[in-house]
Structures are given as structure tokens and as C-alpha cells.
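1. Need a 3D model of the sequence below.
(3 chains)
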Amino acid sequence: METIRLTIDNKTVEVPKGTTINKAAKEIGIDIPVLCWMELHDLNIENRPAGCRICVVEIDGRRNLAPSCATKCEEGMVVRTHTTRVLNARRTVMEFILSDHPKDCLTCPKSGNCELQTLAHQLGIREIPGQEIAAMSTYRKDTSPSIIRDLDKCILCRRCEMMCNEVQTVGALSAVNRGFMAVVAPAFEQNLEHSTCTYCGQCVAVCPTGALTEVDHTPEVLRALADPTKTVVVQTAPAVRAAMGELFGMKPGTLVTGKMVSALRALGFDYVFDTDFAADLTIMEEGTELLDRLNRFLQGDKTARLPILTSCCPGWVNFFEEYFPDLKDVPSTAKSPQQMFGAIAKSYFADKIGISRKDMVVISIMPCLAKKYECQRDEFSEDGNPDVDFSISTRELAAFIKQANIDFNNLEDGDFDAPLGESTGAGVIFGTTGGVIEAAVRTAYEIHTGKKLEKVDFTELRGFEGVRSATIDFDGFPLNIGIAHGLGNARKLLNDVRSGKSLFHAIEVMACPGGCIGGGGQPLHHGNSEILKARAAAIYEEDRNKPIRKSHENPFIIKLYEEFLGKPNSEKAHHLLHTQYFDKKKKIVVKQ
Amino acid sequence: MNAVKSPEELKSIKAGILKRMNEKETVRVKVHMGTSGLASGAREIYDFFRLELEKRNIQASVTSTGDMGYSFAEPTLEVKRPGEDPVVFGNVDKLRADEIIEKYIKNGELVDGVLPANYRTINQ
Amino acid sequence: MMAREKMQILVCGGTTCSDGQGEAVFENLNLEIEANALENDVHVVHSGCFGLCSMGPVVKIVPGNTIYTKVSPDDAREIVSEHILKGRKVERLLWKDPSGNTLVKEDEFAGQKKQLRIVLRNCGIIDPENIEDAIAHDAYAALSKVLAGMKPTDVIQVIKDSGLRGRGGGGFSTGLKWEIAYKNKADQKYVVCNADEGDPGAFMDRSVLEGDPHSVLEAMAICGYSIEAGKGLIYIRAEYPLAVARLRTAIAQAKEYGLLGKNIMGSGFDFDIEIRYGAGAFVCGEETALIHSMEGLRGEPTVKPPYPAESGFLGKPTNVNNVETLACISPIILKGASWFAGIGTERSKGTKVFALAGKINNVGLIEVPMGTTLREVIYEIGGGIRKGKKFKAAQTGGPSGGCLTEKHLDIPIDFDNLTAVGSMMGSGGLIVMDEDDCMVQVAKFFLEFTVEESCGKCAPCRIGNKRLHELLEHITKGKGTLADLDRLKNMCLVIKDTSLCGLGQSSPNPVLSTLENFRDEYEAHVSLKKCPAGQCKDLMEYFIIEENCVGCTACARVCPVGAITGERKEPHHINPDICIKCGACMEKCKFDAIIIQ
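-> Below is the predicted model:
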């Protein structure tokens, strides 16, 4: 590899050609502050608009300071990162940015976790000269079912825009207006609800400030818990337990399943259940649907739509309803685990404990912001009573636990309640990219071939590559599987499906890079993809530790079918556990 | 028009155009009709010349060109009498246009508003 | 009598000229003509500027083209009695060049003219909608010369040797730019004509496109041949409808004549040109922003490198030149590099078009060789300062440039000299200011423009310029402090040093250069709370001079806020706390009793 030698702050460093000054400096222990720049290295995601100008450095022979994040090293370059000129410029630019930023840190949802706040502290900003005559750029606040946009706090880092356009190809957000009023917003500064937004929440996941945050549903949860007439049931998604420890100072990848259960119990939930149970149920329904379509296809039935697409991810569902409504009969009709859980809880379980569904409140703890929207969809309610009442994110739960004076780190491990708290390893791995399809394969293989799997780990389906494929030998039949995480990657596979070029029999899609572990409701990764890798590893660890690792072997699932549903894909199962999709392609309506 | 097929052909086309232009040399009026000129009313002056020269039976060509940069004196126009150097007039309104026709075009008498060519050309 | 042949006397100036003597000369000449009963044979007419304002008033007599300079009204008698009646030239009034030679003919006088038209050579001369007229004036002759036997590298060498530098603002060597684009091999390359003219007051590109569109098309084709690009794009603001229409016509005609399109003039070289529209954002004059805008993206710049010559439009090598630069190409090819290099200064060759605006008599476009001084531009071409006022400063380079002052009047204007004194060539806007202009207000005016036109991508330009503007506003309201001036300067330097593109890197120039050249004026605002030019409303006070006031009450009656009190036939007073400085009283007063302090 061609290398380049240069001098940074009088130290010589040799780096591969193409390395930026910022990264070269890191090699020799010089940490040049950055603000707009962000990278998820293992996911091949980089935001580099060179717009904040915080990371500027002095390069001998150049007239102006250069942004270290976007300037590539050149042979013999002499770089200085902390001259008076650099420090003065960095401070002055920071003062500019702060002069147009609200000073309500005390009440900002991002306080304590805000990159701008951290940087201001790091640069030792104590006052903002001229603030008394400085106008602020202000914008209309926008609240959607999932996301709040408070653009007064936008610093134009463009990370959300990069995620929305380059990674997700959703195209809901872009820079609008010019100069001082420039801001990132939907076209014509419409509300997010009127845009193509899928509520995947990746914009929120990368926002360095409080400009993009989740809608906080903890007050509603608190109200339900305080209501003596309500039985409050909670379900927790698999990715939550692999990440929430980070919000209590634990190392990324620390599993906190038991502590989480105890905390929820301490918060006063009547039943602490697991979405993983519903994930196992999803496998039964989706797996059966796959096998049905596959068998019909193999028998020459031209109406059998293949590939089948997973449908657990609400951001993904929103995406294909918006961009691929013509393919709405392709995805599995199985509801997501969150909604299957709600449907079963408010029917089977409500009956079991002898209460009406109106007296039950189902709360979900999700790594996801699109789940907030999903549980509000009309088709997921009965007589106006939703199957899942409120969905709160990992971050909201952590904040809730802190508010309730619960010493999370020192909690004893608790166990989920029966019957909806029992799950298998297959349900757990739903939380990471490749997991849903791996869980499906574990079950479909055994049902299709009638043979027992020797090895349940399908490592060929794992990894962080954006689009992956693998062929699984189904006892002589090669089952082609495609996996995409990130909606941009999903779009590539969908385009092939649309044009009839897809050779896959089944495709798993998760809207968020990394899958649910990288969801919009998770603790912020601040551009460190090691965190996402650690969370994925934790998910697989939980799977390994489970005594049962195949959904169809979950005794409570078996019991549920015996007692209540009959068979997978039965009429009752269809009524409760399946859904339909709609053409939601936005018509452009500009409201003045 | 057939496409020009060689550099030589372009030369002969140019020669042909020049020959044609010189053969029927009449009074030529060029009204400067760039944005500055038009904004100051050059269109009206152009129409005036077209109409009036015909009405008064004067053989002349009237064409439109871009502006010469004399923003302070728009509308401007150039009149070239056969065999004479062209003269540019500025601040031309209908009254002055009439005067230009009657005095300069007909008799070669200059009228108010002459703009001396205060520049050298590429070939000088 | 001698005046058999009809004679005409042209007198320059009139009411616009600086000393106003022209009108008296005109009147006296007419009186003399009448006195000699020559009305039917000799006509005295007003003429425009001869470009000799320091020698004015100028009188020219035709036939003969005799030029008399510094003619006083008293000279009228001698001119008529000697020249008109006796045919003898008045020697003492004849124009003399600096070496003392007496020049008598305009033809010779022409060599002394300050302007030289290369870029504007055909503007106002040819019918832009008639390609034959253009061909008659040498359009496509350069392209034909190139195609007939020059290699791309030959053409590039000629352009390099000519010393031509980009006229859009940057001043980068055009030949070098072409060479880089030539060396980057690709299956497709692009030639882009930057017609996103945006400096306030500058309109030379528009004039060229409206007056001589073929010169630009031809140059693009020559560039395409040289860098081996098959496609040309003209990025033009949609606010130039006439230029667009004429370009469209010109492109269609050129295609019809086989001067654009496939196999141009049988050479095997293909070149096509399309028009792309911009919405008139100033920042889209920056080449990376321009390219993004053409690609349908938001018009904002990206970090260079990569330069467009490596990765431009659709990721392909792209050469971007501005209209005025392109308009220089054909003459260079036809007349040779050394001809062009012989014009101008050592490092700035050729001519530059300036758009004169502001407090100058002859507003409009001029084209002068590089190295012409500001004094020559203002006093010998521009007709001097309006109403005979005193020159104070001239802004070059528009909102990216700085101001030149009296001490810079004799500096030869070229790229390097302007940069050295803290301004820049820019696209050639030249706004003249007189003693009535407040330099803080001038700086504020330009900042207002950049605040409006910043794309908002980088923080120093987006927020910093706004803060600069606010601070200037603060100062013009008399609320600034001396410390604010230091802060102002620091903000300027940081914005220049850290902004992403040329817009932000140059936007503080008007502030820095006025701060440098007119520090005392800034200090008067912050320390004395006075605006020396009397432009800052908040620092003015209307005041009634008691001796002049007759107590007519006109002012009190017109005052909209009741700030003026006084008894009838007694001196009145203005209460400064109530006064809103509308100026109505001053306008109404017939006794010059109200003044501004």
C-alpha cells in the first residue's frame, strides 16, 4: 500500500494514501475535536460535509485553515493543530455556533448526552460575546407520532440528512433555505408526517444536539401505572437488553436482561413479559407462510409470490408502503412481534386472567421509534382500543428508571413472568441483522425436511455487510436467502424483486443499520460502530445461553396453539396475527 | 443551410456574406437592444425606425444588437451612412429619433446625443 | 466665407460633466454661430463623453475631426472666427499627448483612448440573432483555425502563453486549468460556461451573452477540442431571459451551420452545448456549487480537492470558465498569444471589463487593458464623480472585494495589485463612492448581500456573517464600543480563515478594508457617536439655527411626531428625544434654518 509521511505538531507519522489529517493525527494520539463529522466505520457510513469548521488545522503553505476531517494527507505536509491561530479560530467558530443555539440546556432532552455541550465544555467556552445583539434562527416545532423536530437546535451538521438520503434513501430530510435560516427539514418545510419519513429514527440516532428527539411517552406509561383499574403489561424487545446497560455506565455489550426485568417490576408493571415470546410466534406464522409459498412454488403454482419478505420491522413496512406499494403482496402478512404480542395479550392472556381488554394496558419497550407509530396504526386496534397502547424506547425506559430512584446497577436479576415471558434463542436474535431469518431457518428447516438440525448457528447469515446472501441446503433444496439492513440496501434488493431479477426465496430486511441493536431508540452510539458490534455479540451470547434455541420448541408457544390458536396460519391466527399493507405513496400536497 | 464542411468553406461563406453586405450598402441602423437598452425603451425606438423609415421612403436596414455598455445613455443606437464612419447616439427618445432621421440620415447633420467612440477596437 | 461645407461642432459634457463648463461652451458657441449668421451651415450639438474628462470640456469639429481640449466659454469666439470662418486651427487648444505632440485627428487620438474592446468587441456591432453577421465579424474563424491543424496541446500552449487568467474572480491561469482537465483522461468530459453572474451591479457576462453569444459558444468548442470534451453546458441564471433566448437561437443556428454538433467542419470533432438554468444564487458562481446545482442537487460547495478538473459534473473531469474568460479565447487564437500577452501588466494580461456604478457619471460597462489606473477609469472614462463631489472610495470585486481609496487612485489595476491592497478583481463590479457615503454603511450593505446569499453550509459563513452584520448595525446605531472594532476584526479574520468556499473566505473583505482604510470613520461612530458622512440616521440630530428661523411654523406643522415647538414669529426648537429624523422639516424650511449635526 502506498503510504504518505507527514508531520503533525512536530511528530512524524506515516499513513496509507487517502487518510485524512484527522485520522492520521489520531494515530499519534492527537485528538482533533470534530462536530459535524461522524463515522460508523464498520457499516461504511460517513458524514463529511466539512461544514462546522471546528476541526480546522493549520497547514504550512496554505492560505486558509483546512478542515482536518475532509483534508487528505499529502507527502511532506506540515500540520499544526493547536497554534494560537487555530485555537482562536476554533473558539470563535464555536462561539458563532453557540450564539445561534438555544441556551436551555437545563431542560433539553439531550442534556448530558449532547455533543455540542460536550465540545463547548472541552473548548472552555465561558461566554458568548455579542450574544445580546445576536438574532437566533428559529423555526416551527414539529411533532410526529415518533419524532420531535426542534430545529432551533439544529447546527446543520447534516448527519440526519446523510442518514435519511444516503443510507436510508428515504429522502424525507434535506437542507432547505439559505444562509442564516438554512436548516434541515422536509421539502417545503412541511411536517414530518406529510413527508416520506418512515420513522426509522436514524436521524435521531445521529443528531448531536437536541434538534431531533423521540416523542416521550413515559408520562402516559406513568399514568397507566398509577391507575388502579388497569392491569399494565409490559413487553421488552430483544435489542433493549443488549444496550440499556450503556445508559447506566456499563460497557457496551453488557446484557442486562435480569436487571431490566427487576426494574420493570419495581416500576410497578403487573406483568413483565418478553417480546421474544412473540418473536417465536412470528417465526411460527412467518415460517409457515414461507413454507407454504415455497411448496406451492415448487409444485408449479404461479401465484406463489417469492421471495417472501420479513415484516417485523415497522420502518421497513413504512418504507415499502411508500416506495414499493406495487409489491405490497410480497412481504409476509405476519404482524411484527410487538403487535402479535399485543394481540395475544389482549385476547388470550386477558381471558386467562379474566379481565376485559379495556382494562389492560400494553406497553412495549423498544429500541425503535417507528414502533411508536406502528402501535398507533388503525388496523392494530379493536373498537379504538389499541393492541399495544404505548411504545417507549430504550432511552425513555432508562430515564424512567432513573426518575424512579431505582439503583439499576445493583438490582438482583429477575425472571420474566409466564406465560408470555418465555422465549427461545431464536426469539432473541431478532434484535440484530440476520437474526430473524436465522430464526426462521432453524424452524423452517426442521418442519420442511422433518429432520433435526445438528447445528443451529448459521454464521453465514451473520455479519455487518449491508447486503448479504447465503444459500442454505434444505436437504437437497438450495434455499437462497438475502439480507439487507439499512433501507438503502433494502431498496437495492427490492428493485431486483420489482424487475423480476431477484433469485432469493426469502429476504430479511431491517430498516436500521445493524438491525434493532442500532435502532433509533437505542442509547446513542456517537459514531462508534464498535458499540453496535458489541451489542450484536451480546445478542448472540444470550441466544447461546438459552436452553431452547428454536421457536417451534418453545413449550408456551406449543401450548398457545393447542389452547387457543389451533395451527399456524389457522383462521384464528390469521385474524389475530396477520395484517395487510396499504399504498401510502405520498401525493405532493403543499400547504401554505 | 447545409452544414459547413471544412475550414475553407467557412472562409468562403464569410467572403460571400461580406460581399452581399457591401453590394447593397444602405443606411444601417443598429438599435442596441440588450437588457439595459430594452429597459430604457429601445424596443419603442426600434419600432419607430422600422415604421418611420418605411413611411418616409428611406432605404435602410434596421437591426437589433446587444448593448455597448453605455448604460448612462440608453437607449443608444448606431447609424452608419454609406461610406461614412458609424455614429452612435445616446438618450434616444422618439423626438430625437425623428431628428436623427430628418437631420442625420437624410442630410448627414449631427444631432444632440452623439457618443464619441472612446475605445480602441481589436484591430486598431 | 469658408463654411461652404456643412460643419458640425460637438461639445461634450453638458449638465453631467464635472465642472459643468460644457454647457456654457455650448451656449457661447451657439451665440457666436448666430452672431455670424451661420445657423444653416454649422450645427452645434451635445455629445457624450470623449473619455478625456480631465481635459474637458472637449470640442470636436467635423469634418476634419479636430479635437480641442480644455475649452473655456471664452474660447468660443476664437473657435468660430478662426476655425469655422477662416479654416485655421486654434493651435493653443489642440489636444496634446503627454509628450507634448499636438494631435489633430481623431484617428491618432484613437491610439490614446483608454478603452480597448476585446471581450466586448462585437457587442452592439453584430446582430446576435444572425449568425451570418457574426461570421462576417470572424465568429468561428478561431475554431476553424484550431480544427484545421492545431493539436489540443498546441491550443493549450497558446492559451497558457497568452497569460489569460480567469475573469470570474479567482484569477487562475486558464491555460493551466485546461491542461489539468486535458491530462485527466476519461470517457466523457465537460466544458462548463459559468454564466451565473451574481455580483451586485456587474452585468458584463449578460452583455456578452446578449450581444455576442457566438463568441462564447465558439470558445467552449475550442476548449472542448483542447481538453477532449464532447459536451458543453452553460449554467445561466434564469433571471437572464434575453441572454437565454439569444443563446438558444445562437446554439440552434450554430448547429444548423455545422459549427456545433457532430463532425464540426468535417474535422471529426463532435461538440454539443446545452443550457442549464440556475435560480440566481450567488454561491452557485463557485464552481463546485455550480456543478451540484447542475446535477439537480442543492447549490452548495464542497471541499476542494477534488477539483472539477478531476471530478466535476457527474464525477467526470470538468472545466469551468466564466463568460468573460471565454470571450477572450477566439481573439487569442486568431491574433496569437503574444498579441494578448502584450496587453496588460506583467502578471495580468489582456483587458478587463468593469461595470461602473455608484456615484460616477458614466455608469455602464467599460473595457480597459489590465494596468489601467483607477484614476483613469473614474476621471477619463467614467466622466468623474457625480455632481462634482469628492471621490472617497471605490469598491472592486463586489461583496468579495474591498475598497480602494484616494491613495490607491494611481495603482495599476490588475489581479495582484488589487489583492495586495486588500481588495480583489472579482468579476469586475466597480462601485464608486463619494464624500457623502458612510463607509460603515457601505460595509454593512455588502454584508447584507452575503448574509442573504450564503448557502448556509458552513458555520462561519452562515452565522459569522450574520454576526458581522449585526455588529455593524450596532455601530451605525451609535451603540458600538472601541472593543467592538477589535471583535469585528477578529470575526472577519476567522470567517476568512475558516469558511468552506470563496464566498465566506472573501465576504469579510468589505469590512476589513473599510476598517483598514477608514478606521477614523469607524472610531467616530463608536467613540464620538457621530457619522462623519451624515448617513447614519441614529447618529444624526436635526437642529434649528435660531438666527435663521423666522418662526413661520411650517416645520412644526409638518412634523409627524410633534417634536418641534415654538411660538409664531419666534425661533423654534426640535426635541431630539421625540424626533424620528424623517427630514420633513428640513425639506419644508424655506430659510435654511434646519441643519443636520
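
2. how does the chain divide up, domain by domain?
-> As the question left the chain open, I've gone with chain A. Taking automatic domain parsing as the domain assignment, the ranges for chain A are A:3-82, A:99-214, A:218-577.

3. think we crossed wires, I meant chain C
-> C:7-110, C:131-335, C:351-434, C:439-528, C:541-596.

4. Rebuild the ones you listed as CSV, extending it with mean neighbour count and distance to chain A.
-> Glycine gets a C-beta too; all of them are placed from N, C-alpha and C. Below are these laid out as CSV (neighbours: other Cβ atoms under 10 Å in any protein chain shown; distance: least, Cβ to the nearest Cβ, whole Å):
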stretch, mean neighbour count, distance to chain A
domain C:7-110, 18, 38
domain C:131-335, 22, 5
domain C:351-434, 23, 11
domain C:439-528, 22, 2
domain C:541-596, 15, 21
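
5. nearest to A:Gln235, of those?
-> In terms of Cβ to Cβ, the element of the domains of chain C nearest to A:Gln235 is domain C:131-335, at 42.4 Å.

6. three-state assignment of the most centrally placed residue in chain B?
-> By Cα atoms, centre = their mean, chain B has its centre lying nearest to B:Lys30, at 2.0 Å. Of the three states, B:Lys30 takes strand under DSSP: H, G, I helix; E, B strand; the rest coil.

7. Beta-bridge partners for it, please?
-> Assessed by DSSP bridges, B:Lys30 has beta-bridge partners B:Thr63, B:Glu78.

8. okay, it: pLDDT?
-> Looking at B:Lys30, its pLDDT is 96.

9. How about A:Val184?
-> Value for A:Val184, per-residue pLDDT: 97.

10. what bridges to C:Leu430?
-> Residues in beta-bridge contact with C:Leu430 (DSSP bridges): C:Leu356, C:Thr396.

11. need the contact list for it.
-> Residues in contact with C:Leu430 (Cβ atoms under 8 Å, 6 or more residues apart in numbering or on different chains) are C:Phe354, C:Ala355, C:Leu356, C:Ala357, C:Gly358, C:Val377, C:Ala394, C:Gln395, C:Thr396.

12. I'd like to know how far it sits from chain B.
-> 13 Å (Cβ to the nearest Cβ, to the nearest Å).

13. before we move on, the earlier item: next, the contact list for the residue nearest to the centre of chain B, please.
-> B:Val62, B:Thr63, B:Ser64, B:Thr65, B:Leu77, B:Glu78, B:Val79, B:Lys80, C:Gly124, C:Ile125, C:Asp127.

14. nearest to A:Thr118, of the domains of chain C?
-> Judged by Cβ to Cβ, the one of those that comes nearest to A:Thr118 is domain C:439-528, at 16.8 Å.

15. how many neighbours does the residue of the stretch 351-500 of chain A found nearest chain B have?
-> Nearest residue of the stretch 351-500 of chain A to chain B (Cβ to the nearest Cβ) works out as A:Ser499 at 41.8 Å. For A:Ser499, the count of nearby residues is 8 (other Cβ atoms under 10 Å in any protein chain shown).

16. can you list the weak-confidence ranges in the stretch 251-400 of chain C?
-> Counting by pLDDT under 70, the stretch 251-400 of chain C contains no low-confidence segment.

17. and what of chain C?
-> Ranges of chain C meeting pLDDT under 70: C:1-5, C:13-20, C:51-54, C:97-112.

18. can you give me the helices in chain B?
-> In chain B, the segments counted as helices under DSSP state H are B:7-23, B:35-39, B:42-55, B:94-99, B:106-107.

19. Among the domains of chain C, which comes closest to A:Arg377?
-> Nearest of the domains of chain C (Cβ to Cβ): domain C:131-335, 33.6 Å.

20. what ranges do the strands span in the stretch 1-150 of chain A?
-> Counting by DSSP state E, counting those that start in this stretch, the stretch 1-150 of chain A has strands at residues A:3-8, A:11-16, A:38-40, A:45-47, A:56-59, A:66-67, A:78-80, A:142-143, A:147-149.

21. Does the nearest residue to A:Pro478 once chain neighbours are set aside fall in a helix, a strand, or a coil region?
-> Excluding the flanking residues, the one nearest A:Pro478 by Cβ to Cβ, 6 or more residues apart in numbering or on different chains is A:Thr471, at 4.8 Å. Under three-state DSSP, A:Thr471 falls in the strand class.

22. Across the sheet, point out what pairs with A:Thr471.
-> Assigned bridge partners for A:Thr471, using DSSP bridges, are A:Asn480.

23. How about C:Tyr277?
-> C:Ile236.

24. got a list of what it touches?
-> Here C:Tyr277 is in contact with C:Tyr235, C:Ile236, C:Arg237, C:Ala238, C:Val244 (Cβ under 8 Å, 6+ apart).

25. which among those residues gets closest to C:Tyr257?
-> When the contacts of C:Tyr277 are ranked by distance to C:Tyr257 (Cβ to Cβ), C:Val244 comes first, at 20.5 Å.

26. Neighbours of A:Ile133, how many?
-> 15.

27. how close does it get to chain B?
-> 39 Å.

28. dump the residue contacts of that residue.
-> C:Glu470, C:Leu471, C:Glu473, C:His474.

29. Any chance of these in a markdown table with secondary structure and distance to C:Val90 as columns?
-> Conversion of the contacts of A:Ile133 to a markdown table gives the following (DSSP: H, G, I helix; E, B strand; the rest coil; distance: Cβ to Cβ, whole Å):
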| residue | secondary structure | distance to C:Val90 |
| --- | --- | --- |
| C:Glu470 | helix | 61 |
| C:Leu471 | helix | 59 |
| C:Glu473 | helix | 57 |
| C:His474 | helix | 60 |
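
30. Can you tell me which of the residues you listed comes closest to A:Leu577?
-> Distance to A:Leu577 across the contacts of A:Ile133 (Cβ to Cβ) is lowest for C:Glu470, with 60.7 Å.

31. Can you tell me the closest non-neighbouring residue to the closest one?
-> A:Ile133 (5.2 Å).

32. Roughly how far does that neighbour sit from A:Ser99?
-> Going from A:Ile133 to A:Ser99 by Cβ to Cβ, to the nearest Å gives 10 Å.

33. Three-state assignment for C:Gln8, please.
-> Per three-state DSSP, the local secondary structure of C:Gln8 is strand.

34. residues touching the residue nearest to A:Pro478, list them.
-> Contacts of A:Thr471 by Cβ under 8 Å, 6+ apart are A:Pro478, A:Leu479, A:Asn480, A:Ile481.

35. Now do the end-to-end distance for stretch C:189-204.
-> End-to-end distance for stretch C:189-204: 27 Å, by Cα to Cα, to the nearest Å.

36. so what secondary structure elements neighbour the helix or strand bottoming out on mean pLDDT in chain B?
-> Using mean pLDDT, DSSP states H and E, strand B:119-121 stands out as the lowest-scoring helix or strand of chain B, at a mean of 85. If you count contacts as 3 or more Cβ pairs under 8 Å, 6 or more residues apart in numbering or on different chains; DSSP states H and E, strand B:119-121 packs onto strand C:115-117.
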